[in-house]
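> A structural model of the following input is requested.
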Amino acid sequence: MKINSMQGTRKIASEVLVSIALALLVIYLLDVAVSMINHSEDGFLPLSAKERGMIFGGGSILLFVISFGIGINVASRILTVLLIIGGAIMGTSVMISSFIVPTQDSNSMNSSSDSGQSQGVSPQFIGVIVIGYFIMGMGILRVLRKK
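You can find the predicted model right below:
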């Protein structure tokens, strides 16, 4: 009886954490969208881009991973679906924004075009894209394990 109680507690905890992670990610993306629409550093949150990324982006990544760890052998469709959705949103939105948003420094653009090199995606964007698809992979792993 105690094992079922523990499974239920872990299921609820993992589902709450993954829900909070997805909410943080959506808030972060909306704030970035507002700042891009306004052509400024500021969105609707009173934070700098660095603070916003560390708190909301980093926090969501951490909570996605923790929720996966807590729910590792627990049957939960909510956890599985939200991991897949959250990872896909994170990876895809960063990938799209890395091609839409021009580089911040026009001098670096001019110097790279003068040398014949094309502007690539910054390493930070690549890291977040990989992490996003890794989180999606954790959800897919749960599907394949059928738990």
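
> excluding its backbone neighbours, what's nearest the residue positioned nearest the centre of the chain?
Nearest to the geometric centre of the chain sits Met90, at 3.7 Å (C-alpha atoms, centre = their mean). Among residues not flanking Met90 along the chain, Gly132 sits closest, at 3.2 Å (C-beta to C-beta, 6 or more residues apart in numbering). C-beta: built from backbone N, CA, C; applies to glycine.

> which ones are touching that neighbour?
Shown in contact with Gly132 (C-beta atoms under 8 Å, 6 or more residues apart in numbering): Gly87, Ala88, Ile89, Met90, Gly91, Thr92, Val94.

> roughly how far apart are it and Ile89?
Distance check for Gly132 against Ile89: by C-beta to C-beta, to the nearest Å, it reads 7 Å.

> what's the first helix or strand after the lowest-mean-pLDDT helix or strand in the chain?
The weakest-scoring helix or strand in the chain, judged by mean pLDDT, DSSP states H and E, is helix 106-114 (a mean of 43). Following helix 106-114 in sequence order, the next helix or strand is helix 123-145 (DSSP states H and E).

> average pLDDT for that next one?
Across helix 123-145, the average pLDDT comes to 91.
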